[in-house]
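[1] My questions are about this predicted structure, shown below with the sequence.
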Amino acid sequence: MKRLLIITSMVILLMLPITSYADLGPKDSLTVYVLNPPSETYYLDLLTQNTSTYNNFYDGEREKFDQDMLSLLYSYENEGWKPALVEGTGVPMWGDLIGKPSEKGLVHKFGYVGLPDTYRIIIVTESGNVSVSDILTRKSLQSSVSYDYSTGHTTVPNLWNSYLIQYFSTLIPTLIIEGIILLLFGFRLKENLKPFILINIVTQIILTLTVGLSLIRSGPITAYLFQFPVEVIILIIETVIFARYLKGKSGKRRIAYGIVANLASWGFGFFFLSHQFILLSKIM
């Protein structure tokens, strides 16, 4: 019990710098890929219904763009939609009006805390054409969307793939770590395989619905805040279940295994979380 308290205290201390400097964590971002882009010069912005304004341009930056094309970005102002980057948002955001070449077509990146959750994509061309997408909603901290200019169709990556990857990239290492510790504690894997697998499947579902969900939607800082209380609850639940259903050793050894195995997998999850976010960001 003394060792458990020491390790728990160390985890809390490790988390303090992370939560204190939350502003240093990843910010909202949206990558827009334009497929079959216009053959002429165009600007792309995000339309928002936010009525607040914040100047997102540096002094003199706005004047470098074609003023007639900037005016076209206000084509849907009478319907309550204004260009987020050009007009301004309640809090700062940055973005690329002009696309840059990429493997998926021309790419425009927008980001920071002023990035709207609900938005429409608007493209205006040098000849005066205006193209606007349907209403879209961001469901993850860092996301992407493909917009086919020729058809007006938008494609958003399936978020369920992110949840599945998050689940299995946590479950598989946990099974390996806790399985090795199970053998080191002298338990036979064959006679304890069923409760061992079932308990970990269920607890990983709980982790995905709490820590995993917050990781994808809000980023690693929020996920770390969820991780500590959730892992404590899981440690208690798994230790109680292991103490009852594991076979072959004394009750004290079963309890000791539950505590050690959970602390080991928790430690892995703590240091893997930020790397997991980077992995998931590439497919969102």
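    Yep, it's here. All of these numbers come straight from a predicted model, not from anything done at the bench. Residues are numbered from 1 along each chain as shown.
[2] Point out the other helices and strands that whichever helix in the chain runs longest packs with.
    When the chain is parsed with DSSP state H, its longest helix is helix 251-281. The contact analysis (3 or more Cβ pairs under 8 Å, 6 or more residues apart in numbering; DSSP states H and E) places helix 251-281 against helix 2-20, helix 159-184, helix 213-218, helix 220-245. Just so you know, the C-beta spots here come from the backbone N, C-alpha and C atoms, and that holds for glycine as well.
[3] okay, those helices, which one's buried deepest?
    Ranked by average neighbour count under the criterion mean count of other Cβ atoms under 10 Å, the helices and strands packed on helix 251-281 are headed by helix 213-218 at a mean of 20.
[4] hmm, who's touching it?
    Here helix 213-218 makes contact (Cβ atoms under 8 Å, 6 or more residues apart in numbering) with 139-141, 159, 162-163, 166, 222-223, 225-226, 273, 276-277, 280, 284.
[5] Give me the most central residue, the protein.
    Central residue of the chain (Cα atoms, centre = their mean): Ile216, 2.5 Å from the mean position.
[6] thinking again about what came up before, let me have the helices and strands packed on helix 251-281 in a markdown table, extended by mean pLDDT.
    Conversion of these to a markdown table gives the following (pLDDT from 0 to 100):
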| stretch | mean pLDDT |
| --- | --- |
| helix 2-20 | 42 |
| helix 159-184 | 94 |
| helix 213-218 | 91 |
| helix 220-245 | 93 |
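[7] if we can go back for a sec, mind picking the two most distant members of the contacts of helix 213-218?
    Leu159 and Leu225 (21.3 Å; Cβ to Cβ).
[8] Adding distance to Asp45 as columns, could you present the helices and strands packed on helix 251-281 in a markdown table?
    Formatted as a markdown table, the helices and strands packed on helix 251-281 follow (distance: least, Cβ to Cβ, whole Å):
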| stretch | distance to Asp45 |
| --- | --- |
| helix 2-20 | 34 |
| helix 159-184 | 24 |
| helix 213-218 | 24 |
| helix 220-245 | 28 |
